[in-house]
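Novice: no sequence on hand, only this structure:
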Ligand code: URA
């Protein structure tokens, strides 16, 4: 699993131990401006791990992943795909919110390659402890981190990759993509496609 991380191996024996360690993470500078570490959440026995990019404004304040607008899109699509969010473990590639201050607002800023590589240490720990049957990469940051930089969301969505040392990885869009679509019809089409992507989880689990 070296692709997603370098550095010493984690020593935590449980997710709660790993989470406690992550609370004090200073591996990169993102902790300086973020409110808190937003660690993954969900069942330790989850067969499915959903991986986003990084916490957004709402998640940073609440301390929970995918509880803001993108989380609402994700939750609705999961319901439509017949998947219970509670049966999954939900996490992010990067555990601190990176943003640019704009007056009173905090605008999302993409994590860079170094931040992603350093932070993937935690994701690796989560995956090694949970040992899910399938990991879902929500968007390019997660897909590139888990599968490699050759992955392209438009070309590869709904594909399941088998990266060395990792569980199979299903690639799909990031739910915030749907929020950015202005045209209502196009947003509906993309939502249906997203639901189709997520339904692959059930298909995969039914045969593995
Ligand atoms: N976007 C993400 O990638 N993760 C979150 O937790 C929220 C928004």
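Specialist: It's in. Small disclaimer: the values here were computed from a predicted structure and weren't measured.
Novice: so where do the helices sit in the chain?
Specialist: Listed in chain order, the helices of the chain (DSSP state H) span residues 15-23, 57-62, 69-80, 113-130, 140-146, 153-156, 175-180, 184-207.
Novice: pull the residues that contact the first one.
Specialist: Right, helix 15-23. Applying C-beta atoms under 8 Å, 6 or more residues apart in numbering, the set of residues contacting helix 15-23 from outside is 10, 12, 36-37, 39-40, 44, 95, 122, 125-126, 129-130. Every C-beta, even on glycine, is put in place using the N, C-alpha and C of the backbone.
Novice: PyMOL command to pick out the buried ones of those?
Specialist: One line in PyMOL is enough to select the buried ones among the contacts of helix 15-23; burial here means 16 or more other C-beta atoms under 10 Å:
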select buried, resi 10+12+36+37+39+40+95+122+125+126+129+130
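Novice: of all the contacts of helix 15-23, which comes closest to residue 110?
Specialist: Out of these, the one with the shortest distance to residue 110 is residue 95. That distance is 15.0 Å, counting by C-beta to C-beta.
Novice: how far away is the closest one from residue 27?
Specialist: Counting by C-beta to C-beta, to the nearest Å, the gap from residue 95 to residue 27 is 10 Å.
Novice: list residues touching both of these two?
Specialist: residue 119.
Novice: residue 24: neighbour count?
Specialist: 8 (other C-beta atoms under 10 Å).
Novice: residues contacting it?
Specialist: With contacts defined as C-beta under 8 Å, 6+ apart, residue 24 is in contact with residue 37.
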